[in-house]
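Engineer: build the 3D model from these lines:
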Amino acid sequence: MKFIFADSLDYVDPAFDFIADRSPAERQPYWDDAYPHEILGYAPYDGVLVSRGIIGDHRVKGKYTSSQARRFHLVGARKFLRLDKPQFKDLDIFGDCGAFTYVQEERPPYSAVEMAEFYDECGFTHGASVDHIIFDFDPSAKGMGGGSDDAKARFDITLENADAFRRETLAMDASFTPMGVVQGWSPDSMAEAARRLVAMGYGYLALGGMVPLKSPEIKLCLEAIRDAIPQETRIHILGFAKAEDIDSFHGYDISSFDTTSPLIRAFKDAKQNYYLPRTGGGLRYYTSIRIPQALENPKLQRAVKKGQFRAEDLVTMESAALSALRAYDAGGADIEDVLQAVVTYSAPLVEEKPYADCADSVPIARLAERYRETLTEKPWKQCGCPICANAGVEVIIFRGSNRNKRRGIHNLAIYHDHIERLDLKRAIDRPDDLPRRLCAAER
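Structural biologist: Got it, this is the predicted structure:
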């Protein structure tokens with residue numbers, strides 16, 4: 001089973017100065033920064049997914065700048081992502097339309113022909129048909145029953161586009177493997193969509209609309225789909241937000257899935273920010289130590305404007321927390337001293353009060369308990385990945401993109417190793433339907 005990382009320009013500055021808290025003045029993002037596979041020296045995933053909506057254009061506002069979007073089209077996906085080196089030549093590059101970016105539209109802004117040409121010209125190894133996401137979900141609906149009028153319209157649009165997309169890939173002798181996207185409002189409707197896609201000639205299906213579903217609901221969909229399609233049909237899960245539950249999906253014969261979860265959890269989860277393998281299997285999670293920039297954090301600055309705190313006092317607490325943590329890492333401070341410093345600085349963030357006024361509050365006590373576990377176990381010293389080896393204690397500090405994304409990249413490496421250890425491999429390793437050819441930009 002392949003772990004595909006859904007990239008969104010997730011790179012970091014290798015030259016970032018943690019003590020001065022800044023990048024070199026001459027730094028040029030993208031050109032000077034490093035993707036996860038560059039800063040680690042190896043790929044912490046089996047491939048990368050790029051959504052058309054992330055790239056953007058005049059119809060959909062993406063995350064790429066206009067010059068980055070032009071370069072992507074000019075040189076192709078592999079060179080843009082800097083996966084054109086020999087050690088990365090076997091990594092897959094998946095593409096989809098980014099249905100979340102146009103979810104409010106009546107119809108997708110991209111045509112089947114346009115997407116087929118885009119995937120082919122930019123050198124993708126796999127390309128998903130043009131889908132229109134369905135958020136309705138009723139696990140009890142039988143057959144094609146249930147579903148709103150909007151859901152049924154999106155169901156029909158997705159299948160019409162898939163049919164046109166499949167025909168276009170055949171007509172153009174596409175260099176990528178086409179994937180038919182499954183959308184539906186129930187397990188049965190998804191199974192019917194999968195059956196129709198297989199009848200169109202698809203050998204690889206991509207399940208859409210999975211992001212809001214819980215693991216038991218996703219499994220219901222997989223069960224229904226597997227009962228409706230040939231055993232040899234491959235399945236990809238688009239946007240698998242329940243990545244930590246992947247070990248419970250044994251037996252569903254999943255070929256691949258894409259997710260950003262291990263990276264995103266590094267800075268968007270309240271508790272589980274840093275991954276390590278658990279003895280005996282599974283993953284262990286630690287809470288990162290939050291020490292935000294006093295003069296840049298919006299919540300702290302609002303407190304200053306309200307007169308709740310003085311900016312200079314916050315800066316002093318910030319400096320004390322950073323110094324204490326670094327001293328503790330070097331063996332020059334007691335755990336109680338560093339815990340006191342970081343929790344004192346956390347009080348204005350958590351309770352919007354000085355620590356002296358909320359030291360006994362439940363939120364502060366719970367935060368201190370999680371911090372104590374992190375500080376006691378020093379997980380950054382237990383990991384030998386290049387991120388932790390180079391950044392040290394800085395990787396456990398929740399503070400700014402260059403620390404937070406480094407922690408996320410560390411999580412990718414740990415998660416990929418976790419996937420490799422799981423007994424979830426397919427019984428038969430089937431090659432792609434089509435051999436990889438050079439895209440126009442690479443010739």
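Engineer: for the rest of this, base every contact and every neighbour count on C-alpha atoms.
Structural biologist: OK.
Engineer: ramachandran coordinates for the spatially most central residue of the chain?
Structural biologist: Here the mean C-alpha position of the chain is nearest to the C-alpha of Thr260 (C-alpha atoms, centre = their mean), at a distance of 0.8 Å. Backbone geometry at Thr260, expressed as degrees, to the nearest 10, gives phi -110, psi 0.
Engineer: nearest residue to it other than its sequence neighbours?
Structural biologist: Closest residue in space to Thr260, ignoring its immediate chain neighbours: Ala6 at 5.5 Å, by C-alpha to C-alpha, 6 or more residues apart in numbering.
Engineer: give the contact list for that neighbour.
Structural biologist: When contacts are counted by C-alpha atoms under 8 Å, 6 or more residues apart in numbering, Ala6 touches 48-51, 239, 258-260.
Engineer: now, of the residues you listed, which are buried?
Structural biologist: 48-51, 239, 258-260 (16 or more other C-alpha atoms under 10 Å).
Engineer: coming back round to it: check pLDDT for the contacts of Ala6 and point me to the minimum.
Structural biologist: Across those, the smallest pLDDT goes to Gly239, namely 91.
Engineer: quick one on the thing from earlier: can you list the buried ones among the contacts of Ala6 in TSV and add secondary structure and distance to Phe176?
Structural biologist: As requested, those are exported to TSV (DSSP: H, G, I helix; E, B strand; the rest coil; distance: C-alpha to C-alpha, whole Å):
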residue	secondary structure	distance to Phe176
Val48	strand	14
Leu49	strand	13
Val50	strand	14
Ser51	strand	15
Gly239	coil	20
Asp258	strand	18
Thr259	strand	21
Thr260	coil	23
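Engineer: domain map for this structure?
Structural biologist: Taking automatic domain parsing as the domain assignment, the record places the domains of the chain at 46-255+426-442, 284-407.
Engineer: measure the residue nearest to the centre of the chain to Glu244 for me?
Structural biologist: Distance, Thr260 to Glu244, using C-alpha to C-alpha, to the nearest Å: 11 Å.
Engineer: who touches both of those two?
Structural biologist: Going by C-alpha under 8 Å, 6+ apart, no residue sits against Thr260 while also sitting against Glu244.
Engineer: next, the residue nearest to Thr260: phi, psi?
Structural biologist: Ala6 has phi and psi values of phi -80, psi 100 when expressed as degrees, to the nearest 10.
Engineer: ok, now Gly95?
Structural biologist: Backbone torsions for Gly95, taken as degrees, to the nearest 10, come to phi -140, psi 140.
Engineer: surely it and Asp120 touch.
Structural biologist: No. Checked against C-alpha atoms under 8 Å, the pair Gly95 and Asp120 is beyond contact range at 10.4 Å.
Engineer: the two: which has the busier surroundings?
Structural biologist: The residue with the greater number of neighbours, taking Gly95 and Asp120 and applying other C-alpha atoms under 10 Å, is Gly95; the counts read 27 against 24.
Engineer: wait, what's in contact with that one?
Structural biologist: Contact analysis of Gly95 by C-alpha under 8 Å, 6+ apart lists 49-52, 119, 124, 126-128.
Engineer: for Asp150, state which of those is nearest.
Structural biologist: Distances from Asp150 to those, taken as C-alpha to C-alpha, are shortest for Ala128 (21.8 Å).
Engineer: residue contacts, that closest one?
Structural biologist: Contacts were defined as C-alpha under 8 Å, 6+ apart; by that measure Ala128 touches 94-97, 178-181, 206.
Engineer: how about the strands of the stretch 101-250 of the chain, start to end?
Structural biologist: Along the stretch 101-250 of the chain, the stretches classed as strands by DSSP state E, counting those that start in this stretch are 126-128, 177-182, 204-207, 234-237.
Engineer: contacting residues around the last one?
Structural biologist: Think strand 234-237. Counting by C-alpha under 8 Å, 6+ apart, the neighbours of strand 234-237 from elsewhere in the structure are 203-208, 210, 253-258.
Engineer: okay if I get the residues you listed as JSON lines plus distance to Tyr415?
Structural biologist: Conversion of the contacts of strand 234-237 to JSON lines gives the following (distance: C-alpha to C-alpha, whole Å):
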{"residue": "Gly203", "distance to Tyr415": "28"}
{"residue": "Tyr204", "distance to Tyr415": "24"}
{"residue": "Leu205", "distance to Tyr415": "24"}
{"residue": "Ala206", "distance to Tyr415": "22"}
{"residue": "Leu207", "distance to Tyr415": "22"}
{"residue": "Gly208", "distance to Tyr415": "22"}
{"residue": "Met210", "distance to Tyr415": "20"}
{"residue": "Asp253", "distance to Tyr415": "19"}
{"residue": "Ile254", "distance to Tyr415": "17"}
{"residue": "Ser255", "distance to Tyr415": "17"}
{"residue": "Ser256", "distance to Tyr415": "14"}
{"residue": "Phe257", "distance to Tyr415": "13"}
{"residue": "Asp258", "distance to Tyr415": "13"}
